[in-house]
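> this one's sequence-less:
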């Protein structure tokens with residue numbers, strides 16, 4: 001039996017996948033102490049875990065900061081996580097000395113969990129509620145200009161906050177080192193190897209266990225008329241105009257519609273709700289998805305995984321860069337269609353297209369079969385119990401970096417030679433043109449050749465189960 005400390009941020013999409021893992025670990029005879037927040041107390045205690053409230057450590061935040069958090073501001077979330085870590089310092093020092101956990105299981109962006117695992121030198125396993133991201137898979141995250149600007153301009157603020165950690169024994173070089181795991185970090189990812197972008201670039205320290213869900217239900221789509229489910233999750237759900245457009249789009253449709261609008265929406269503000277449409281602050285999503293024929297979703301990893309687990313095709317309406325990555329992968333698998341026109345007519349047409357084209361449902365069913373074939377919570381529990389996990393020592397990303405380094409050196413040797421030859425045979429006044437051309441072409445050429453090197457590399461790598 002092992003003592004395992006669970007840590008997570010106050011977010012449903014991050015907490016929910018950890019709950020079935022906690023239940024499985026307890027079922028196997030382990031002791032779990034779950035450090036979380038009162039909003040999740042009932043769910044956590046239902047697993048059999050010991051719940052420890054951390055609400056008193058949440059900092060007071062301004063309305064402006066709250067708006068940034070609702071928009072999933074990387075800068076604001078990082079700053080708040082650092083401040084919470086400092087507030088919890090004395091408390092967690094006592095907890096770690098008393099509980100003496102054998103393993104820390106922490107959400108990937110829960111700074112206080114990761115930092116204390118490092119500080120007390122305890123084996124750590126990271127819970128990854130999105131795709132696993134590295135320099136290759138992050139290409140799926142197409143940041144908008146606004147998001148890029150927010151991250152760049154926010155770096156000085158985050159760096160300043162990071163310096164406040166040093167006196168307390170927390171040593172970290174950068175926010176990236178906290179958020180992005182390397183190929184030596186034991187990590188559980190709640191998707192399949194087939195669904196993970198650039199999966200071959202991750203070492204065997206990553207365990208792809210499939211969706212972590214509390215449900216024995218099987219998909220049953222035999223409805224008298226189509227069932228359409230609409231939700232934008234729990235974080236960026238404060239969009240009354242969008243829900244109003246959905247109500248208008250489907251009020252005359254021969255279908256049943258269920259909308260989960262979140263806690264920020266006043267349902268009365270949506271006006272008269274037609275008989276075929278039901279609106280709730282929150283629902284049993286897995287139950288509805290097991291019966292739904294279409295899911296109009298924000299493409300959060302948790303919601304998308306549950307939808308595919310229940311073989312439900314989707315209309316994809318991502319709101320953040322991570323959600324755009326999930327939407328892109330779902331679209332590639334043919335299990336969803338991107339909502340490019342969020343007008344009343346655009347919403348209705350997208351849903352009707354999913355209903356009319358059986359290929360979407362077939363693709364979703366194939367994904368469901370893939371997800372259900374994964375090792376699930378049993379595999380996740382075994383992985384945590386064995387932490388730190390053994391490895392074959394192969395780091396595919398490091399091998400690729402070495403090859404990239406050799407190519408870069410070779411490229412600039414050739415470029416330098418061409419610059420010199422241009423100066424000798426054409427004239428030094430023109431050599432700068434060759435230099436500029438070499439600089440401009442370096443990125444597309446290196447990207448193209450990196451793809452070739454990656455494809456050659458993965459042929460040589462062992463196949464992980």
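The structure has been received and is ready for your questions. The shown structure was predicted, so the numbers you read here are calculated from the model rather than taken from an experiment.

> phi, psi for residue 187 please.
Main-chain dihedrals, residue 187, degrees, to the nearest 10: phi -140, psi 140.

> neighbours around residue 357, how many?
A count of nearby residues for residue 357, using other Cβ atoms under 10 Å, gives 13. Every residue, glycine included, has its C-beta placed from N, CA and C.

> then residue 133?
Neighbour count of residue 133, defined by other Cβ under 10 Å: 21.

> most centrally placed residue in the chain?
residue 130 (1.8 Å; Cα atoms, centre = their mean).

> what sits against it?
Contacts for residue 130 were tallied using Cβ atoms under 8 Å, 6 or more residues apart in numbering; they are 108, 301, 322, 325-326.

> now with 6 Å, please.
301, 322 (Cβ atoms under 6 Å, 6 or more residues apart in numbering).

> where's it, which helix or strand?
Residue 130 belongs to no helix or strand when assigned by DSSP states H and E.

> how much space between it and residue 180?
Distance, residue 130 to residue 180, by Cβ to Cβ, to the nearest Å: 11 Å.

> for stretch 428-447, which residues meet the burial criterion?
Buried residues in stretch 428-447, defined by neighbour count with 16 or more other Cβ atoms under 10 Å: 431, 434, 438.

> ok, and the closest non-adjacent residue to the last one?
If you skip the residues right next to it in sequence, residue 438 has residue 415 as its closest partner in space, 3.8 Å away by Cβ to Cβ, 6 or more residues apart in numbering.

> neighbours of the one you found, how many?
17.

> now do the one 3 residues further on
Residue 418 sits with 15 neighbouring residues when counted by other Cβ under 10 Å.

> biggest helix in the protein, by residue count?
helix 396-425 (DSSP state H).

> low-confidence ranges in the stretch 51-200 of the chain?
61-73, 142-145, 147-148 (pLDDT under 70).

> quick one, strands of the stretch 251-400 of the chain?
Secondary structure of the stretch 251-400 of the chain by DSSP state E, counting those that start in this stretch: the strands cover 256-260, 277-280, 294-297, 314-316, 336-338.

> just the mean pLDDT for the second one, thanks.
If you average the pLDDT over strand 277-280, you get 94.

> and if you look at the fourth one?
Summarised as a single mean, pLDDT over strand 314-316 is 98.

> which other helices and strands contact it?
strand 294-297, strand 336-338 (3 or more Cβ pairs under 6 Å, 6 or more residues apart in numbering; DSSP states H and E).

> among the ones you listed, which is the most enclosed?
A comparison of those by mean neighbour count, using mean count of other Cβ atoms under 10 Å, puts strand 294-297 on top with a mean of 28.

> okay, now the sheet partners of that strand, with direction.
strand 227-231 (parallel), strand 314-316 (parallel) (DSSP bridges).

> quick one: contacts for the nearest residue to residue 314 once chain neighbours are set aside?
Leaving aside its sequence neighbours, residue 314 sits nearest to residue 336 (Cβ to Cβ, 6+ apart; 3.8 Å). Neighbouring residues of residue 336 by Cβ under 6 Å, 6+ apart: 313-314, 316, 330.

> between those, which sits nearest residue 160?
Of all the contacts of residue 336, residue 316 has the smallest distance to residue 160: 37.2 Å, by Cβ to Cβ.

> tell me how many other residues crowd that closest one.
Neighbours around residue 316, by other Cβ under 10 Å: 25.

> per-residue pLDDT, the closest residue to it other than its chain neighbours?
For residue 316, ignoring the flanking residues on the chain, the nearest one in space by Cβ to Cβ, 6+ apart is residue 327 at 4.0 Å. Model confidence at residue 327, given as pLDDT, is 95.

> where exactly do the helices run in the stretch 251-400 of the chain?
Counting by DSSP state H, counting those that start in this stretch, the segments of the stretch 251-400 of the chain that form helices are 285-291, 301-309, 321-332, 344-356, 358-372, 376-385, 396-425.

> still on that earlier bit, just checking, which of the buried residues of stretch 428-447 belong to helices?
Per DSSP H, the subset of the buried residues of stretch 428-447 in helices is 431, 434, 438.

> picking that back up, per-residue pLDDT of the residue nearest to residue 438, please?
pLDDT at residue 415 comes out at 86.

> wait, isn't it in contact with residue 440?
No: taking contacts as Cβ atoms under 6 Å, residue 415 lies outside contact range of residue 440: 11.1 Å.

> so how far is residue 429 from the residue nearest to residue 314?
Applying Cβ to Cβ to residue 336 and residue 429 gives a distance of 56 Å.

> and residue 13, by the same measure?
From residue 13 to residue 429 the distance is 59 Å (Cβ to Cβ).

> what are the buried residues along the helix or strand that contains residue 160?
Using DSSP H and E, residue 160 falls within helix 145-163. For helix 145-163, a neighbour-count test (16+ other Cβ under 10 Å) marks 147, 150-151, 154, 158, 161-162 as buried.

> give me the residues contacting the helix or strand immediately after it in the chain.
Beyond helix 145-163 in the direction of the C-terminus, DSSP H and E gives the next helix or strand as helix 175-179. Residues from elsewhere that reach helix 175-179 (Cβ under 6 Å, 6+ apart): 78, 109, 111, 158, 172.

> can you list the strands that the next helix or strand after helix 175-179 pairs with?
Scanning forward in sequence from helix 175-179 by DSSP H and E, the next helix or strand is strand 187-189. Strand 187-189 sits in its sheet next to strand 124-128 (parallel), strand 206-208 (parallel), going by DSSP bridges.

> can you put those strands in CSV and add mean neighbour count?
Output for the strands paired with strand 187-189, formatted as CSV (neighbours: other Cβ atoms under 10 Å):
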stretch, mean neighbour count
strand 124-128, 25
strand 206-208, 23
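
> ok, which of these comes nearest residue 217?
That would be, of the strands paired with strand 187-189 and by Cβ to Cβ, strand 206-208, which comes in at 22.4 Å.

> residue 250 contacts residue 258, doesn't it?
No: taking contacts as Cβ under 6 Å, residue 250 lies outside contact range of residue 258: 10.7 Å.

> nearest spatial neighbour of residue 2, chain-adjacent residues omitted?
residue 102 (4.3 Å).

> quick one, phi/psi of the one you found?
Dihedral angles (degrees, to the nearest 10) for residue 102: phi -80, psi -30.

> was I right about it contacting residue 5?
No: between residue 102 and residue 5 there is no contact under Cβ under 6 Å: 8.9 Å.

> related to what we said a few turns ago, do you know how far the residue nearest to residue 2 is from residue 96?
On the measure of Cβ to Cβ, residue 102 and residue 96 end up 12 Å apart.

> and for residue 380?
Residue 380 is 23 Å from residue 96, by Cβ to Cβ.

> next one: residue 428
For residue 428 relative to residue 96 (Cβ to Cβ), the value is 66 Å.

> any idea how far the longest helix of the chain is from the chain center?
35 Å (Cα atoms, centre = their mean, to the nearest Å).

> return the set of buried residues in that helix.
In helix 396-425, counting by 16+ other Cβ under 10 Å, buried: 396-397, 399-400, 403-404, 407, 411, 415, 419, 422-423.

> next: stretch 239-256.
For stretch 239-256, by 16+ other Cβ under 10 Å, it's 239-240, 242-243, 245-250, 253, 255-256.
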